[in-house]
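In: A structural model of the following input is requested.
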Amino acid sequence: MSSTGALLDENSRGPVTEYIRNSLYLNAIRRIVKEKPLGLIGMVMFAIFLTLAIIGPMIAPHDPNQLGTGPRLEGPQWGYPLGTDNLARDMWSRVLTGYRVSMTLGFIVVVTSTLVAVVLGVVSGFLGGWTDTILQRFVDAFIAFPGLVFLMVVQAIFFGFEFPFLPSSGIMSSSGFTMMLAMTLLVSIGNSRIMRGATLSIKSEVYVEAAASLGATQSRIMLKHILPNIMATALTIATLNLGGIILFEATLSYLGLGLPPDVPTWGGMLSREARNWMSQAPWLALGPGLALSLAIFSINVFGDALRDVLDPRLRGR
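Out: As a prediction, this is how the structure comes out:
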């Protein structure tokens, strides 16, 4: 390596970059364990829910869509911990399967929306000028529209439409694909402004200006010096967004605009089973309602703790 290149690499190591190179994620987890007891509770709960998402369908005593597994509208008992619904389906098996559905959909949207937000934010913040102006006016116009209304409008427009390249049922069905695409667009555009702010902050650092003065290209600066230093911000907003995405999916499913009826979702259970039979079988709302509440609680608490330990301004609080 030339002396100029060595100097550039040495000077370009900002504090956040060094933190990433020393294992950003493991250090964050260690700090949560030591300093954030509520965050630790949320992290443990989140780990349990992730485990249930992986093994839930395998340990479920019945097929979640199997009819006549027991007496119809049976209350909680030993063989059916959460009772049965109006079609005599085991609610415990359906709630367990719902973990995988919610987490799978949530992670797909979180990953794709975070990638899009990072790209838009870095390009807008680093290039500036007319590129930044056009992108930010588009963001302003988009975020002025209520998020839930946007999702409902998109789902209503494409309701009943079948994409020929997608399966007719499951998470990746036409309705599932449309919902995930709309959520990705909604979340990524909103988060791109946060990533733009992080980019502007890093862009003004001395080591970035030194890299530019030594002849580094814009793409090299963005990939080597900007991107690594905004990963902590990206990780934090991704974690915090997961709970909101799961809640959005449950809301759309509750309104009948979500995944197909053959996919066990918590929102769908609250709508199709619990709401219609609340007076006769109030326990039908217990399983999906509690699972949804605890999942969102654990993700939000864990996300808040993660933000506290990754944000230099909040460390030590």
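
In: C-alpha from now on. contacts and neighbour counts both.
Out: OK.

In: for residue 154, give me its contacts.
Out: 178, 179, 182 (CA atoms under 8 Å, 6 or more residues apart in numbering).

In: tabulate the residues you listed (CSV), appending pLDDT.
Out: Shown next, in CSV, are the contacts of residue 154 (pLDDT from 0 to 100):
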residue, pLDDT
178, 92
179, 91
182, 92
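
In: ok, so of those, who is nearest residue 128?
Out: residue 182 (27.1 Å; CA to CA).

In: residue 172 and residue 108, how far apart?
Out: The gap separating residue 172 from residue 108 is 11 Å, by CA to CA, to the nearest Å.

In: what segments of the stretch 51-200 of the chain are helices?
Out: Counting by DSSP state H, counting those that start in this stretch, the stretch 51-200 of the chain has helices at residues 91-127, 129-143, 147-157, 174-203.

In: tell me the angle of the third one relative to helix 174-203?
Out: Direction vectors for helix 147-157 and helix 174-203, defined by axes from the mean of the first three to the mean of the last three CA atoms, to 10 degrees, enclose an angle of 140 degrees.

In: just the buried positions in helix 147-157, please.
Out: Of the residues in helix 147-157, 147, 150, 151, 152, 154, 155 count as buried by neighbour count, 16 or more other CA atoms under 10 Å.

In: for residue 240, which of the helices of the stretch 51-200 of the chain is the nearest?
Out: Using CA to CA, the nearest of the helices of the stretch 51-200 of the chain to residue 240 is helix 91-127, at 9.5 Å.

In: returning to what we had before: and of the contacts of residue 154, the nearest to residue 112?
Out: Among the contacts of residue 154, and counting by CA to CA, the member closest to residue 112 is residue 182, at 11.4 Å.

In: could you report the neighbour count for the closest one?
Out: 20 (other CA atoms under 10 Å).

In: can you verify my assumption that it contacts residue 149?
Out: No - at 11.2 Å, residue 182 and residue 149 do not qualify as touching, with contact defined as CA atoms under 8 Å.

In: thinking again about what came up before, let me know the closest of the buried residues of helix 147-157 to residue 285.
Out: Checking the buried residues of helix 147-157 against residue 285 by CA to CA gives residue 152 as the nearest, at 23.2 Å.

In: ok, the closest one - contacts?
Out: With CA under 8 Å, 6+ apart, residue 152 has these contacts: 252, 257.

In: quick check, pLDDT for it.
Out: According to the prediction, residue 152 has pLDDT 88.

In: same question, residue 158
Out: Confidence score, pLDDT, at residue 158: 83.

In: how far away is residue 277 from residue 269?
Out: From residue 277 to residue 269 the distance is 11 Å (CA to CA).

In: between these two, which one's more packed in?
Out: Counted by other CA under 10 Å, residue 277 and residue 269 do not tie: residue 269 has more neighbours, with 26 against 18.
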